[in-house]
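**Q** Quick one: sequence plus predicted model below, questions after.
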Number of protein chains: 2
Amino acid sequence: MPLNQQIVLDNRPTGEATASNFMLVASDTPELQDGQVLVRHHYLSLDPYMRGRMNDSKNYAAAQPLGQVMIGGTVGEVVESRSPKFQPGDKVVGMGGWQQYSVVDDKQPGALRKVDTTHVPLSHYLGAVGMPGVTAWYGLVKIIEPQAGQTVVISAATGAVGSAFAALARARGCRTVGIAGGPDKCRYAVDELGFDACIDYKLHQDAASLSMAIKVACPKGIDGYFENVGGMVLNAVLPLMNDFGRIAVCGMIAGYDGEPTPITHPALILRSRLKVQGFIVAEHMEVWPDALTELGLLVGSGKLRPRETVAHGLEAAPEAFLGLLKGKNFGKQLVKLI
Amino acid sequence: MPLNQQIVLDNRPTGEATASNFMLVASDTPELQDGQVLVRHHYLSLDPYMRGRMNDSKNYAAAQPLGQVMIGGTVGEVVESRSPKFQPGDKVVGMGGWQQYSVVDDKQPGALRKVDTTHVPLSHYLGAVGMPGVTAWYGLVKIIEPQAGQTVVISAATGAVGSAFAALARARGCRTVGIAGGPDKCRYAVDELGFDACIDYKLHQDAASLSMAIKVACPKGIDGYFENVGGMVLNAVLPLMNDFGRIAVCGMIAGYDGEPTPITHPALILRSRLKVQGFIVAEHMEVWPDALTELGLLVGSGKLRPRETVAHGLEAAPEAFLGLLKGKNFGKQLVKLI
């Protein structure tokens, strides 16, 4: 059996996560039992939610156990199968974790899914046509529920979720405004992703200044906001929300390191009769088929052309992940393993 | 025509509202035109929302204009009518404002409503069987949507909204916990209003301490929270919310004077996948008939016995209102005018 390199969580961060929280180990892949499949991973997905799992505190999901392989989405190819459901050569998406190979039991529902790479590149099943894409779909369609002509805004606009959000919102006739960090990302958001405007939050020192800039891009106010960030950006958006506006809370990355990121004027929730709702897309599996169908069509037709930032080799994963948390990536952050 | 005493908003508060913001004036009631009715007010309702109207800032409703009669709910009796829809002697509820008489046009939809005082005392149409009761109903039934056996919590528990909330939540089989200020109110909440427990927030200096006390009363966590107050109480409740909990935001009285009352840990909205929703009951007139029917039955059957605090004479209204904002009232705050 092939040797399998793995990255485990060695110790939990105190404050900011660092590379020393992770450890690279290696072991033989085990012999397959009946019903099992050996998958060789081509790409590992890096996502902000993983930072939350590294903490031991009450969180929206189980903490990542110490000494075990870091959780994570993967795409790859079946290289050996003792299951009638999978053949060597099948392209599959799963939750293989930060390692080169994984063994999957075919009785575990949804653990491994065959995908078609005719019109959609394999790596996109970790991004636009995967969990991040469905995340954008759920927040937009099920929580924001926009009408044509309404204005929707998203933070972390050029990430995997933001890219999909732009295409989905444009398809619904919305004015679509992004918030991102730096002139390159903002130009890319408008030129490539189809945002009507994109605000560079790094040009602003406080929520009031950022709020004024967003207001210029949203002359009719904001009807729906997709929150990936929290902190200053949320405080800048809140006063601009129209009556009966909806805020889908998907991420509060600004707060993962433990520093408080208060909502300074929560009375705005009452004054504008807002709905503010947190969600985790993995808890809404019922929407995945519809969402993936729409996202696949958008990618296949070229209306959604997500960018990827690719790190090479498993050992590069920790630094790439830490860079993602600081916004250094451009589009979907992947690690190419083969 | 009778002389009509009125209280107008003379100037806007800077910070805390004071009696000097109001002015007592008097004028003759006008001659009735065709379709008009003259109502003599028996009771004036005082409600926290009025404080918001006194500000000039963006608010959830139009600002109270300076120099005009303060807005407010009233119950009274028709004393003169040039409308076929109303007869002298009819008991009516309306928005007559802080004055002894009002002239109402019968073409204004919903402006004046005849009520039956056989089983329900007239004053209760300003409280349990009026706007505050429907407010409790909407937040509980439409936003919190509780299941039997779930735990629901309300702040300002012994006020007009809280009293109705307790009866409505008990009727749905919920564990019902109140938060109020002082031992007398907490005893009353449990002994008279039927709360399963009531926490005295005045015993606690910070959110962490208050949170521990609420936790003891809510051993299974909190599924629904009805927010009348904001500030420290909201920060104490948030960490106790169960996954998929609902928070109906009805009041943020702690913030009306302009001081900031941040939500210190908004990431909890994501971690517990909460829905936080602001509402104004006047925007949901479609629920009023159902809500008033249930509330009338609860009062008629003695399951809801709301307490009232009654000030006497129009000139007593400003001080009574300022006391209400400080929690000095006990149950529904009224001004008796006759």
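**A** Thanks, I have it.
**Q** now for stretch A:229-242, what's the gap between its first and last residues?
**A** Using CA to CA, to the nearest Å, the end-to-end distance of stretch A:229-242 comes out at 20 Å.
**Q** And the closest residue to A:Tyr125 other than its chain neighbours, how close does it get to A:Val75?
**A** For A:Tyr125, ignoring the flanking residues on the chain, the nearest one in space by CB to CB, 6 or more residues apart in numbering or on different chains is A:Val93 at 4.5 Å. Yep, even glycine has a C-beta here, placed from its N, CA and C like the rest. Here A:Val93 is placed at a distance of 5 Å from A:Val75 (CB to CB, to the nearest Å).
**Q** In terms of neighbours, single out the busier of those two.
**A** A:Val75 (28 against 22; other CB atoms under 10 Å in any protein chain shown).
**Q** tell me the pLDDT at the more buried one?
**A** For A:Val75, the model assigns a pLDDT of 98.
**Q** Can you list the strands that the strand or helix carrying it pairs with?
**A** For A:Val75, the element it lies in under DSSP states H and E is strand A:74-81. Next to strand A:74-81 in the sheet, as set by DSSP bridges, lie strand A:36-45 (antiparallel), strand A:91-94 (antiparallel).
**Q** Tell me where the stretch 1-150 of chain A has strands.
**A** Assigned by DSSP state E, counting those that start in this stretch, the strands in the stretch 1-150 of chain A fall at A:3-9, A:22-28, A:36-45, A:74-81, A:91-94, A:101-105, A:112-114.
**Q** In PDB, list the C-alpha atoms belonging to the strand holding A:Val75.
**A** Output of strand A:74-81 as PDB, limited to C-alpha atoms (Å, rounded to 0.1, in the frame of the first residue of the first chain):
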ATOM      1  CA  THR A  74     -11.000  16.900  -1.400                       C
ATOM      2  CA  VAL A  75     -11.300  15.800  -5.000                       C
ATOM      3  CA  GLY A  76      -9.500  12.900  -6.500                       C
ATOM      4  CA  GLU A  77      -9.600   9.600  -8.300                       C
ATOM      5  CA  VAL A  78     -10.400   6.100  -7.100                       C
ATOM      6  CA  VAL A  79      -7.200   4.100  -7.300                       C
ATOM      7  CA  GLU A  80      -8.500   0.900  -5.700                       C
ATOM      8  CA  SER A  81     -12.000  -0.300  -5.000                       C
END
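**Q** where are the low-confidence patches of chain A?
**A** Residue ranges of chain A with pLDDT under 70: A:57-61, A:253-260.
**Q** Pretty sure A:Gln64 sits against A:Met70.
**A** Yes: if you go by CB atoms under 8 Å, A:Gln64 and A:Met70 touch, sitting 6.3 Å apart.
**Q** winner for burial among the strands paired with strand A:74-81?
**A** Most buried of these by mean neighbour count (mean count of other CB atoms under 10 Å in any protein chain shown) is strand A:36-45; its value is a mean of 24.
**Q** dump the residue contacts of the residue nearest to A:Tyr125.
**A** A:Gly73, A:Thr74, A:Val75, A:Leu112, A:Arg113, A:Val115, A:Tyr125, A:Leu126, A:Gly130 (CB atoms under 8 Å, 6 or more residues apart in numbering or on different chains).
**Q** if we go to 6 Å?
**A** Neighbouring residues of A:Val93 by CB atoms under 6 Å, 6 or more residues apart in numbering or on different chains: A:Val75, A:Arg113, A:Val115, A:Tyr125.
**Q** again, but for A:Gln100
**A** Applying CB under 6 Å, 6+ apart to A:Gln100 gives the contacts A:Asn4, A:Gln5, A:His41, A:Leu337.
**Q** for those, which one is nearest chain B?
**A** Of all the contacts of A:Gln100, the one with the least separation from chain B (CB to the nearest CB) is A:His41, at 28.7 Å.
**Q** Could you double-check that that closest one lies in contact with A:Trp98?
**A** No: look at A:His41 against A:Trp98 with CB atoms under 6 Å: they stay out of range, at 9.2 Å.
**Q** Bridged to A:Thr309, which residues?
**A** A:Thr309 forms beta bridges with A:Gln333, as assigned by DSSP bridges.
**Q** Please verify my assumption that it contacts A:Gln333.
**A** Yes: with contact defined as CB under 6 Å, A:Thr309 counts as touching A:Gln333 (5.1 Å).
**Q** Between those two, which has more neighbouring residues?
**A** A:Gln333 (26 against 18).
**Q** Test my guess that the more buried one contacts A:Val310.
**A** No: at 8.2 Å, A:Gln333 and A:Val310 do not qualify as touching, with contact defined as CB under 6 Å.
**Q** Once you drop chain neighbours, what's closest to the most centrally placed residue in chain A?
**A** Residue closest to the average C-alpha location in chain A (CA atoms, centre = their mean): A:Pro132, at 4.1 Å. In space, and not counting its chain neighbours, A:Pro132 is closest to A:Ala160: 3.6 Å by CB to CB, 6+ apart.
**Q** So what's the residue count around the one you found?
**A** Per other CB under 10 Å, the neighbour tally for A:Ala160 reads 31.
**Q** Shouldn't A:Leu168 be within a helix?
**A** Yes: counting by DSSP: H, G, I helix; E, B strand; the rest coil, A:Leu168 is part of a helix.
**Q** so how far is chain B from it?
**A** Separation of A:Leu168 from chain B (CB to the nearest CB, to the nearest Å): 21 Å.
**Q** A:Val141 is in contact with that residue, correct?
**A** No: under the criterion of CB under 6 Å, A:Leu168 is not in contact with A:Val141, lying 7.4 Å apart.
**Q** Tell me which of those two has more neighbours.
**A** Neighbour totals were compared for A:Leu168 and A:Val141, and A:Leu168 leads with 25 against 18 (other CB under 10 Å).
**Q** how far away is the more buried one from A:Ala157?
**A** From A:Leu168 to A:Ala157 the distance is 13 Å (CB to CB).
**Q** again with A:Leu304
**A** Distance of A:Leu304 to A:Ala157, computed by CB to CB: 14 Å.
**Q** near chain B, which residues of the stretch 101-250 of chain A?
**A** Contact residues, the stretch 101-250 of chain A versus chain B (CB under 6 Å from any CB of the partner chain): A:Val249.
**Q** List the contacts of the closest residue to chain B within the stretch 101-250 of chain A.
**A** In the stretch 101-250 of chain A, the residue that lies nearest chain B is A:Val249 (4.9 Å; CB to the nearest CB). For A:Val249, the contact set (CB under 6 Å, 6+ apart) comprises A:Glu227, A:Gly278, B:Ile269, B:Leu270.
**Q** Please apply the same query to A:Arg307.
**A** Neighbour list for A:Arg307: A:Phe330, A:Gly331 [criterion: CB under 6 Å, 6+ apart].
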